[in-house]
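Novice: Here is a sequence with its predicted model. Questions after.
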Amino acid sequence: MDAPYQAAPDVHVLPNNLPLPGLGVVLPVNAYVLLAEEPVLIDSGIGSDSDQFMDALASIVDPKELRWVWLTHDDADHTGSIQRVLEAAPQARLVTNAFSAMRMATWWPVPFERVHAIRAGDRIPVGDRTLRAVAPPLFDSPLSIGLVDEATGSFFSVDSFGALLPEPTQDAAEVPHEALAGGMVAWSTADSPWTHIVDRQSFGQVLDGVRRLQPTRIFSSHLPAASGTSIDRFLQILESVPDAEPAVPPSNEEFQHMLAAMAPPEAPSQMAAAT
Ligand SMILES: [Fe+2]
Ligand SMILES: [Fe+2]
């Protein structure tokens with residue numbers, strides 16, 4: 001995983017940038033720490049670097065102080081360290097869709113007595129502020145649930161507004177416009193392929209609902225931190241997704257090329273021995 005960074009006075013990012021071999025892009029995967037009076041962890045990273053994730057989390061807040069773990073949905077890129085986090089954070093309640101909790105119980109012993117089931121419109125007081133559950137406009141799981149911090153206007157948008165990017169960065173504004181638009185469409189068509197069959201007018205109403213949130217900051221699970229001033233541009237990009245070229249997964253041949261691109265370069269000593 002990458003080094004954590006602070007994206008707002010009260011928001012720290014626990015970032016990962018997964019390279020997509022052979023494609024020349026990375027997929028950001030973010031968890032967030034919201035330093036409310038009752039600290040909140042939003043998602044728990046990927047599992048393959050769990051030790052680093054736990055260290056990064058502890059560098060921002062003592063897990064024993066965590067009061068809430070908001071799990072946006074139970075996909076693997078959001079649940080990587082969820083069991084370890086709950087073990088390290090005995091005070092924390094797990095806020096998630098009831099069905100996410102029940103589905104996760106098929107692969108780890110979810111402490112149901114600590115689960116606070118959430119759905120769109122619900123509000124959770126976290127000491128100095130209230131968090132409102134919001135359905136993200138695009139999603140790859142119907143169990144997805146984002147949130148708006150009513151005190152600051154920060155919008156945690158789950159998979160929505162994700163983008164495949166040329167390189168890791170900590171601020172979406174640093175990504176050239178064309179690269180960001182192309183990367184967001186590429187991610188959105190792959191992650192939410194159902195957009196191609198939606199009624200355009202109804203979809204527009206969903207996007208208008210997001211516009212009305214007037215977020216001050218946008219914290220996507222798959223994009224560097226972004227200013228709320230980007231919201232109109234982002235929504236314009238999402239508006240184009242239903243009519244964009246549908247995403248096609250790699251063929252087996254393309255997959256083999258990706259694997260070859262992942263192979264570590266031969267060490268110099270081995271190269272010398274081979275010649
Ligand atoms: Fe997802
Ligand atoms: Fe995701």
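Specialist: All right, it came through fine. Ligands and ions are numbered 1, 2, ... in the order given.

Novice: Name the residue closest to the centre of this protein, please.
Specialist: Nearest to the mean C-alpha position of the chain, by Cα atoms, centre = their mean, lies residue 221 at 1.5 Å.

Novice: got the contact list for it?
Specialist: 29, 30, 31, 43, 72, 77, 78, 157, 158, 159, 162 (Cβ atoms under 8 Å, 6 or more residues apart in numbering). Backbone N, C-alpha and C define where each C-beta goes, glycine included.

Novice: Contact residues of the stretch 51-200 of the chain facing ligand 1?
Specialist: Selection of the stretch 51-200 of the chain residues close to ligand 1 by Cβ under 5 Å from the ion yields 75, 140, 159.

Novice: how about 6 Å then?
Specialist: For the stretch 51-200 of the chain, the contact set with ligand 1 under Cβ under 6 Å from the ion comprises 73, 75, 140, 141, 159.

Novice: my read: residue 173 touches residue 226, true?
Specialist: Yes. Look at residue 173 against residue 226 with Cβ atoms under 8 Å: they come within range, at 7.1 Å.

Novice: Of the two, give the one with the bigger neighbour count.
Specialist: residue 226 (25 against 13; other Cβ atoms under 10 Å).

Novice: so residue 257, which of the three states?
Specialist: helix (DSSP: H, G, I helix; E, B strand; the rest coil).

Novice: what's the neighbour count on the nearest residue to it once chain neighbours are set aside?
Specialist: Leaving aside its chain neighbours, residue 257 sits nearest to residue 22 (5.4 Å; criterion: Cβ to Cβ, 6 or more residues apart in numbering). Residues lying near residue 22 (other Cβ under 10 Å) number 16.

Novice: what's the answer for residue 23, then?
Specialist: Neighbour count of residue 23, defined by other Cβ under 10 Å: 15.

Novice: for the one 3 residues further on, same thing?
Specialist: Per other Cβ under 10 Å, the neighbour tally for residue 26 reads 20.

Novice: Wasn't it part of a strand?
Specialist: Yes. Judged by three-state DSSP, residue 26 forms part of a strand.

Novice: And the pLDDT for it?
Specialist: Listed pLDDT for residue 26 reads 96.

Novice: ok, now residue 271?
Specialist: 47.

Novice: how close does the residue nearest to the centre of the chain sit to residue 197?
Specialist: According to Cβ to Cβ, to the nearest Å, residue 221 stands 24 Å off from residue 197.

Novice: Kindly report the same for residue 5.
Specialist: 38 Å.

Novice: which of these two has more neighbours?
Specialist: Shown here are residue 5 and residue 197; by other Cβ under 10 Å, residue 5 has more neighbours (14 against 7).

Novice: How about the contacts made by the closest residue to residue 151 other than its chain neighbours?
Specialist: Nearest residue to residue 151, sequence neighbours excluded (Cβ to Cβ, 6+ apart): residue 129, at 3.6 Å. When contacts are counted by Cβ under 8 Å, 6+ apart, residue 129 touches 36, 37, 149, 150, 151, 152.

Novice: Return the member of those nearest to ligand 2.
Specialist: residue 149 (20.1 Å; Cβ to the ion).

Novice: and the closest one, how many neighbours?
Specialist: By other Cβ under 10 Å, neighbour count at residue 149 equals 24.

Novice: go on, residue 121?
Specialist: As a measure of burial, residue 121 has 9 neighbours, counting by other Cβ under 10 Å.

Novice: Could you measure from it over to ligand 2?
Specialist: 22 Å (Cβ to the ion, to the nearest Å).

Novice: that's a helix at that residue, yeah?
Specialist: No. Per three-state DSSP, residue 121 lies outside any helix segment and is coil.

Novice: Kindly report the residues of the stretch 101-250 of the chain close to ligand 2.
Specialist: Residues of the stretch 101-250 of the chain lying near ligand 2 (Cβ under 6 Å from the ion): 159, 221, 222.

Novice: Might one say that the last one is in contact with residue 30?
Specialist: Yes. At 7.2 Å, residue 222 counts as touching residue 30 under the criterion of Cβ under 8 Å.

Novice: Please consider this matter closed, and thank you.
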